[in-house]
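[1] build me a model:
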Amino acid sequence: ESRNRIILEAATEVGKPVLFGVGIIILVFMPLLALEGMEGKMFAPMAITIAIALTISLILSFVLSPVLCSYILKGGSEDDTKIVARLRKPYNFMLDWSLKHPRLVVKRALIALGASVVLFIFLGKSFIPVMQEGSITPVIVRSANIALDESIKLEFEALKRIMTIPGVEMAVSRLGRGESPADPGQPFESDPIVTLKPLGDRDLSQEEIANQIRDKLKTLPGVELVISQPIAARVDEMVSGVRSQVAIKIFGDDIQTLIKLGTQISQILSRMKGSTDLRIEQASGQNYLNIKIDRDAIARYGINVADVNDVIETAIGGKQASTVYEGERRFPMVLRYPAPYRDKIDAIENIILLSPNGAQVLMKDLAKIELLDGPPQISRESGKRRLVIGVNVQGRDLGGFVDEAQKKIAQDVKLPEGYTLVWGGQFENMERAMARLMIIIPLTIAAIFFLLFMLFQSIRLAGLIILVLPFASIGGIFGLFITGEYLSVPAAVGFINLWGIAVLNGVVLISFIKQLRDDGMPLHEALIDGCAHRFRPVMMTASVAMLALIPMLFSGGPGSEVTRPLAIVVISGLITSTGLTLLVLPVLYG
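    Numbering: from 1, shown residues only. Model (predicted):
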């Protein structure tokens, strides 16, 4: 009976803080549900999973844990383990010193916070770190007029050169585009997939192999090269229609003006540090056979326009004359001139037409036939004519590259009236994700403040725990800076995760100190006793979270580049936030 009473009192004591603490952690992850596009598909399931898991664990902790405690726990007090005892001794000394020098502690904490703000300003920004997929897609863009047999020969030559690179296991290719009208590929593009050997079986990194592919293929005649990866290329295609990290879209009516503006912008980008795989959408180079009928001439011979068009269609393009059946399969029988009579302008000019009076008239006497240069395609978006410049970024952050490019283009390129410029690609995703987080996160912090106020019935204590958030961010910012990682969506998710743990630790500590004060204990004794009793729970929470993320930090498999910034932020942030929670919060409380 005595044991059950103690368990009930203990559960009642921690019940309210645990309930609000778990609720705050769930609330912290709600901004991830507001993400859209690819980032939403990547991280929204994580927020849902965490919310469900925490809800179930909360129910079990209230229902099952007390029952298990009544059967499993033995009576008597439990001493600290050797590790906790070794940590507690220097902590008690630092806590005592901090409480005796509160101004100095707060001053140093503010200096660290200010230093982290300065570092944050200089952190590079990106959407999602480039994932090393273990395969490379060097898209080869040819001249729009290239013949199919020449294109195939060029592709075989490219694959032969690629296979000579150490570390390449296999290379296959697809030439042309799919039947789907939504396929962004072009008939004059090829889509090789270069599979690399496992990392342990090759000496070169994926980036080094990609650079060697550039060197090997840049001497191929009349081609442009865009290096990407199979998954990354498909994602970029979905976002902007080009297989590049950054897409600059120019909208306007005149194709020649679009080409001129695109050339100016591509020249600016080519001179920038980090610019690679620069490509401007082909807007010329396609040969068109233009046949302009002389209406006065056909009127003299008594021939109408429809008759001339019918002969041109039949002779050059072919016209269905019948249908051939093979079982249930049907094949159109197409009639057209043999190749020697239609593959040159001279041959087309000598096509014979019959006038109503039986006279034979040559095509050159009825029409002007010439070969003109034009665009291989006319791209439109939202009903407007569009030209796209694509570029990849190598060796620097995406956000810094785009900021510099925007300033230079705004300074050097003057857009005529009616022409607009839109930035797309991964930069578009990054801007959208960061913009939504900048709106949702402050609202979430306000909601957390409201929950803390409901828990403590004190604006002062609620604000005190909210101060944990910027102090917890210090370690995360320093961690990103030291490791050379950029501020990306995974890093932002890491900060959200870090804030949840930091607030929970703050609630655990402050709620117990407040309880001691409500019981009449003097302030200094309450701070010492509260920190002593909550030292182990706070350390356990931080240690378990850090240990769980260590495999993510040192993992080297595919996709580890995406999760590593999250682990860096949480682990480095917990190192500083735990110390600040156990040292600075008691000082501020006092």
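
[2] what's the distance between L261 and R517?
    Note on L261: its distance to R517, by C-beta to C-beta, to the nearest Å, is 69 Å. From N, CA and C alone the C-beta is placed, and that goes for glycine too.

[3] again, but for I193
    Noted for I193: a distance of 66 Å to R517, by C-beta to C-beta.

[4] element containing Q377, please.
    For Q377, there is no host helix or strand (DSSP states H and E).

[5] find the nearest non-adjacent residue to N290, please.
    Among residues not flanking N290 along the chain, L372 sits closest, at 4.9 Å (C-beta to C-beta, 6 or more residues apart in numbering).

[6] now the one you found: phi and psi?
    Per-residue torsions, L372: phi -110, psi 150 (degrees, to the nearest 10).

[7] quick check: pLDDT value at it.
    At L372, the pLDDT value in this model is 84.

[8] correct me, but it touches N287?
    Yes - using C-beta atoms under 8 Å as the test, L372 is close enough to N287 to be in contact (7.3 Å).

[9] more neighbours, the two?
    Using other C-beta atoms under 10 Å as the criterion, L372 and N287 rank with N287 on top: 13 against 9.

[10] how is this protein divided into domains?
    Annotated domains of the chain cover 1-77, 79-122+458-590, 134-228, 286-374 [automatic domain parsing].

[11] ok, I209 - contacts?
    136, 165, 167-168, 194, 196, 202 (C-beta atoms under 8 Å, 6 or more residues apart in numbering).

[12] most surrounded residue in those?
    Busiest of the contacts of I209 [other C-beta under 10 Å] is V194, holding 27 neighbours.

[13] could you pull out the strands in the stretch 151-300 of the chain for me?
    Secondary structure of the stretch 151-300 of the chain (DSSP state E, counting those that start in this stretch): strands located at 168-172, 189-190, 193-196, 224-228, 246-251, 275-280, 286-293.

[14] burial of D412, as a residue count?
    For D412, using other C-beta under 10 Å, the count is 11.

[15] that one touches R271, doesn't it?
    No - D412 lies out of contact with R271 (C-beta under 8 Å); the separation is 10.6 Å.

[16] find the nearest non-adjacent residue to P375, please.
    That would be A283: by C-beta to C-beta, 6+ apart, it lies 4.7 Å from P375.

[17] name the residues that touch the lengthiest strand in the chain?
    Counting by DSSP state E, the longest strand found in the chain is strand 384-393. Applying C-beta under 8 Å, 6+ apart, the contact partners of strand 384-393 are 226-228, 240-253, 255, 258-259, 261-262, 265-266, 269, 274-281, 283, 378-380, 401, 425.

[18] by contact count, what packs against the helix or strand bottoming out on mean pLDDT in the chain?
    Least confident helix or strand, the chain: helix 230-240 with a mean of 73, by mean pLDDT, DSSP states H and E. The elements that helix 230-240 packs onto, with contact taken as 3 or more C-beta pairs under 8 Å, 6 or more residues apart in numbering; DSSP states H and E, are helix 37-72, strand 135-141, strand 246-251, strand 420-425, helix 426-456.

[19] go again with 10 Å.
    Contacts defined by 3 or more C-beta pairs under 10 Å, 6 or more residues apart in numbering; DSSP states H and E place helix 230-240 against helix 37-72, strand 135-141, strand 193-196, strand 224-228, strand 246-251, strand 384-393, strand 420-425, helix 426-456.

[20] quick check: buried residues in the last one?
    Of the residues in helix 426-456, those buried by neighbour count under the rule 16 or more other C-beta atoms under 10 Å are 426-434, 436-437, 440-441, 444-445, 448-449, 451-452, 455-456.

[21] how far off strand 246-251 does that helix point, in degrees?
    Relative orientation of helix 426-456 and strand 246-251, computed by axes from the mean of the first three to the mean of the last three C-alpha atoms, to 10 degrees: 110 degrees.

[22] heading C-terminal from helix 426-456, find the next helix or strand.
    Using DSSP H and E, the helix or strand that directly follows helix 426-456 along the chain is helix 459-466.

[23] tell me the gap between that following helix and the middle of its chain.
    Computed by C-alpha atoms, centre = their mean, to the nearest Å, the chain-centroid distance of helix 459-466 equals 35 Å.

[24] who does the helix or strand following it touch, helix- and strand-wise?
    With elements assigned by DSSP H and E, the helix or strand that comes after helix 459-466 is helix 468-483. If contacts are counted by 3+ C-beta pairs under 10 Å, 6+ apart, helix 468-483 sits against helix 102-122, helix 426-456, helix 489-518, helix 560-589.
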